[in-house]
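Undergrad: Give me the fold of what follows.
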Amino acid sequence: MIFHPTYFSPIAQFQQLVKAEHIIFEVFDNYQKQTYRNRFNIYSPNGLQSLSIPILHNNGIRQKTRDVKIENSFPWQKNHFKSLQNAYRSSPYFEFYEDDIAPLYEKPQIFLLDFLLLTQELSFDMLQLNAEYSKTTSFSLEYLNSQDFRFLVEAKSKKKYTSNPYKQVFEDKYGFIPNLSILDLIFSEGPNALSLLFID
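TA: Presented below is the predicted three-dimensional model:
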């Protein structure tokens, strides 16, 4: 199965990742704005909150995702980690995983792709998912021998996704919000999160 590496991927992507015998991450695509490549959604005290990694743009010249650099002139890492703490400190499992996540937000990152792969690998570890992956060596519009789930990178997609219900931290205020970052499920369900990704 082929996917785009994304920033703490949405649950819909992980529902497919857990089924894959082998994961292929697309790294030769052209970078596009308004996707889960550089953003993820969490459940904040004020409802849905989107956190985005700032990108260094190349004077309007199209870049490959693997070449995109992160804009580090302001403290986005500190802000993102603080937002996670504010959103999930009262969730059942945030404290259990907090020390695993914190290092990602302490060391400056240069290339977006490197950081995305770190978040993918950490997500696998937190889910206790034994997942191996490879990366593409060129770009192709179609992969005849692989199921193509690259469309799941689209943050503005209107497609509805089915998920197993679980208790979200501010659900009593705003109701259930589907397809948030995998972190929402992990912080809410801990060791049970992996089993909830399998949909009949």
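Undergrad: The nearest residue to Thr137 once chain neighbours are set aside: what's it in contact with?
TA: What sits nearest to Thr137 in space, not counting adjacent residues and going by C-beta to C-beta, 6 or more residues apart in numbering, is Phe28, at 7.4 Å. To be clear about C-beta, it is placed using only N, CA and C from the backbone, and glycine gets the same treatment. Contact analysis of Phe28 by C-beta atoms under 8 Å, 6 or more residues apart in numbering lists Lys64, Thr65, Arg66, Thr136, Thr137, Ser138, Phe139.
Undergrad: how does it look with 6 Å?
TA: Thr136, Ser138, Phe139 (C-beta atoms under 6 Å, 6 or more residues apart in numbering).
Undergrad: closest to Asn192 among those?
TA: Nearest to Asn192, judged by C-beta to C-beta, of the contacts of Phe28 is Thr136 at 33.0 Å.
Undergrad: Give me the distance between that closest one and Lys159.
TA: Shown here: Thr136 relative to Lys159, a distance of 24 Å by C-beta to C-beta, to the nearest Å.
Undergrad: More neighbours: which of those two?
TA: More crowded of Thr136 and Lys159, by other C-beta atoms under 10 Å: Thr136, with 15 against 9.
Undergrad: wait, isn't the more buried one in contact with Glu26?
TA: Yes. Thr136 is in contact with Glu26 according to C-beta atoms under 6 Å; the separation is 5.2 Å.
Undergrad: Helices along the protein, start to end?
TA: All helices of the chain, identified by DSSP state H, fall at 11-17, 76-88, 94-101, 112-127, 171-174, 182-189, 193-196.
Undergrad: Would you mind giving those helices as CSV with distance to Phe40 added?
TA: Output for the helices of the chain, formatted as CSV (distance: least, C-beta to C-beta, whole Å):
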stretch, distance to Phe40
helix 11-17, 11
helix 76-88, 9
helix 94-101, 12
helix 112-127, 8
helix 171-174, 18
helix 182-189, 7
helix 193-196, 16
